[in-house]
Structures are given as structure tokens and as C-alpha cells.
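S.K.: quick one, what's the 3D model for this:
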Amino acid sequence: MKVKIFDHFGLDVDDIKKFGTAELVIEKLPREKLEKLIKNIPTLAVLAISLAIRSLTNQAAEGFRAWFILQHYRGYRPFITVMEKEITIEG
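M.R.: Down below sits the predicted model:
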């Protein structure tokens with residue numbers, strides 16, 4: 001038996017609805033883990049971490065939007081992965 005699997009790294013409108021703004025990216029962060037992480041950190045450091053998270057999530061959202069524009073309005077094709085496996089079945 002020969003199995004062929006395709007995967008693509010394209011974006012659709014649902015992806016933008018999930019990750020198109022910093023707020024949407026922040027919603028996806030594991031809040032419980034973040035709260036445990038900052039529990040014993042001084043307030044000023046927590047502020048710095050919060051600003052860093054906001055900056056990173058803004059960059060992530062901007063990247064998603066740019067990727068969507070390139071794919072849907074500028075004609076760039078999504079990266080496609082193709083995997084093949086041949087399996088011998090006996091018995």
C-alpha cells in the first residue's frame with residue numbers, strides 16, 4: 001500500500017478571525033501557565049513582561065495579516081508538504 005499525505009501552510013479567513021489581532025493572539029495564550037510564571041515576580045518586571053508579550057502578539061498578528069495578503073491578494077502560493085510512505089502488508 002502506498003500512502004501520500006499533503007499538508008499546506010496557507011491561511012484562510014477563519015485563521016485571520018482567530019489570529020488577526022494582538023487581542024486574538026493573547027486569548028490563545030495559556031493564561032494559567034502565565035499566571036503561575038509571574039506569581040512571584042516583582043511588579044515592575046511583570047509590567048516589562050506584559051509589554052514584551054503585547055509587542056510579540058502584535059508582531060504575530062501583523063505577520064498573519066501580511067501572510068494572508070501575500071497569499072490572497074499578491075498571488076503567493078502557500079508552502080506545501082508532501083509525504084509518501086510505502087507499506088508492505090503481509091499475512
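
S.K.: number of nearby residues for Gly10?
M.R.: 15 (other C-beta atoms under 10 Å). C-betas here are computed from N, CA, C, even on glycine.

S.K.: tell me the phi and psi of it?
M.R.: phi -90, psi 160 (degrees, to the nearest 10).

S.K.: tell me who's in contact with it.
M.R.: Contacts for Gly10 were tallied using C-beta atoms under 8 Å, 6 or more residues apart in numbering; they are 71, 78.

S.K.: tell me the pLDDT of Leu47.
M.R.: Note on Leu47: pLDDT of 85.

S.K.: can you point out the buried residues in the strand or helix carrying it?
M.R.: Applying DSSP states H and E as the criterion places Leu47 in helix 43-73. Under the neighbour-count criterion of 16 or more other C-beta atoms under 10 Å, helix 43-73 has 57, 60-61, 64, 67-68, 71 buried.

S.K.: wait, what's in contact with Phe9?
M.R.: Phe9 sits in contact with 78-81, where contact means C-beta under 8 Å, 6+ apart.

S.K.: now, the most widely separated pair of those residues?
M.R.: Of all pairs drawn from those, the one with the longest distance (C-beta to C-beta) is Pro78 and Thr81, at 10.1 Å.
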